[in-house]
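# pasting the sequence and the predicted coordinates here, then a few questions.
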Amino acid sequence: MDNHQIGMAQLLVTKAPGVIRSTGLGSCIGIILYDPFAKVGGMAHAMLPKHRPGRGDNKSKYVDTAIDTMLEDMEALGANRLNIIAKLAGGAQMFPDSDRDSLMVIGSKNIAAAEEHLSSLGIAVVARDVGGHSGRTLELDCRDGTLYIKTVSNETKI
Amino acid sequence: MEKLHFNEQDLLTEIGSIGTGHAATAMADILGHKITITVPHVELVSFDRVAQFVGGAGRNMACIYLDVLGDLPGTVLVMFNENSAHRLLNTLLPDTDLNFFQLSQLQQSALMEMGNILSGAYLSALADFSNQRMYLSVPRLAVDMAEAMLSVPMAKLGCETDYALLIQARFFEESNNRGYILFLPNPGATQRMLAIFGVGSDG
């Protein structure tokens, strides 16, 4: 099996039968893109909503630039942008409280940024498991686009 | 800044040692027995590597998060693995039932207070040593996978840079009882610390 692991502020695209895994997404958002015809999939483990110049060069760190980079990489593997669908998982609030502290609600900002950027590109978000207060481990099976999600107390797939 | 010079590494290790030494003493006082603490590990790491320094991304931990405010801002994390959290809570609150993922209000408060005391001892030593003002926010607690909790301080650093300066020390009573104290200064605070002690940096 063709297994890949990505960490915080990283992204990866691959073809079937590849599997992409990322462990313990908290406030970060997992953005999954998949072309069901070409069976090309991608996953980004993004930390922050929007790219701002001069604050580091890592494109995988930001929701918007991670999506753009994944799309290009997937097209290079034979995916067609018109067929690509998206799934979102993550964006939790890990530490309680404080509506005053914008850092503690970074998760919901990441979710909103992903929805907005995907919508502006015309990419449909077909499934989501977002928000809440638990970390999530994600596994994307590029054979059929299923996303398996585990928390410390629960398992699901979307 | 993508790499630390030797003299920068030495200074930050020394700073970490002073802090962790005081934190270990505070912990030993509370628990009434000896605590072993490692020499701090100081490294500038990319965000995907940070979890390696607390036992791995998927490791379940109790994490106490505190913002450091004042002249040398950053974040302090005090993290306990399940064994050490159990051990700690059994000492502080004997004869109470314990479910790591569903701690009672009292157990949560005890862990947060422990985090508060350890990071308070750590930072007041550092503040005295550097003659800088440092304050701590109220502690916040989460019990989850290490990587998930690290995402919060990493997002804070990620607004400015692609790397985290990690000053990590591990403390333990027995080999399977692991705790960690991490000081993550903001990039500006790192530069300021280096400047205060006259350790040259080209930024």
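Perfect, I can see it now.

# least confident secondary structure element in chain B?
One helix or strand of chain B scores below all others by mean pLDDT, DSSP states H and E: strand B:36-37, with a mean of 84.

# list the pairing partners of that strand within its sheet, with orientation.
strand B:163-172 (antiparallel) (DSSP bridges).

# next helix or strand past the partner strand?
strand B:178-185 (DSSP states H and E).

# and the next helix or strand after that next one, how far out from the chain's middle?
Toward the C-terminus, strand B:178-185 is succeeded by helix B:187-196 as the next helix or strand (DSSP H and E). Between the centre of helix B:187-196 and the centre of its host chain there is 18 Å, according to CA atoms, centre = their mean, to the nearest Å.

# now swap in stretch B:79-91 and tell me
16 Å.

# quick one: contacts of that stretch?
Applying CB atoms under 8 Å, 6 or more residues apart in numbering or on different chains, the external contacts of stretch B:79-91 come out as B:31-32, B:54-55, B:59-64, B:96, B:98, B:100, B:103, B:107, B:110-111, B:114, B:143, B:146, B:149, B:172-173, B:176-182. C-beta: built from backbone N, CA, C; applies to glycine.

# tell me which element residue B:77 is part of?
strand B:74-81.

# what pairs with that strand, parallel or antiparallel?
As defined by DSSP bridges, the strand partners of strand B:74-81 come to strand B:60-70 (antiparallel), strand B:178-185 (antiparallel).

# okay, angle between it and helix B:187-196 too, please.
Counting by axes from the mean of the first three to the mean of the last three CA atoms, to 10 degrees, strand B:74-81 lies at 100 degrees to helix B:187-196.

# excluding its backbone neighbours, what's nearest residue 17?
Assuming you mean chain A. Nearest residue to residue A:17, sequence neighbours excluded (CB to CB, 6 or more residues apart in numbering or on different chains): residue A:143, at 5.2 Å.

# my bad, the chain I had in mind was chain B
Closest to residue B:17 by CB to CB, 6+ apart is residue B:40, at 5.9 Å.

# in chain B, where is pLDDT below threshold?
Within chain B, the segments meeting pLDDT under 70 span B:1-2, B:173-176, B:200-203.

# same question, chain A
Ranges of chain A meeting pLDDT under 70: A:1, A:98-102.

# list the buried ones in stretch B:188-201?
Within stretch B:188-201, the residues that count as buried by 16 or more other CB atoms under 10 Å in any protein chain shown are B:189, B:190, B:192, B:193, B:194, B:199.

# ok, so of these, who is nearest chain A?
residue B:190 (15.0 Å; CB to the nearest CB).

# so what's the closest one closest to, chain neighbours aside?
Closest residue in space to residue B:190, ignoring its immediate chain neighbours: residue B:165 at 5.2 Å, by CB to CB, 6+ apart.

# how many residues are close by the residue nearest to residue A:17?
Residues lying near residue A:143 (other CB atoms under 10 Å in any protein chain shown) number 13.

# same question, the one 4 residues further on
Counted with other CB under 10 Å, the burial measure for residue A:147 works out to 24 neighbours.
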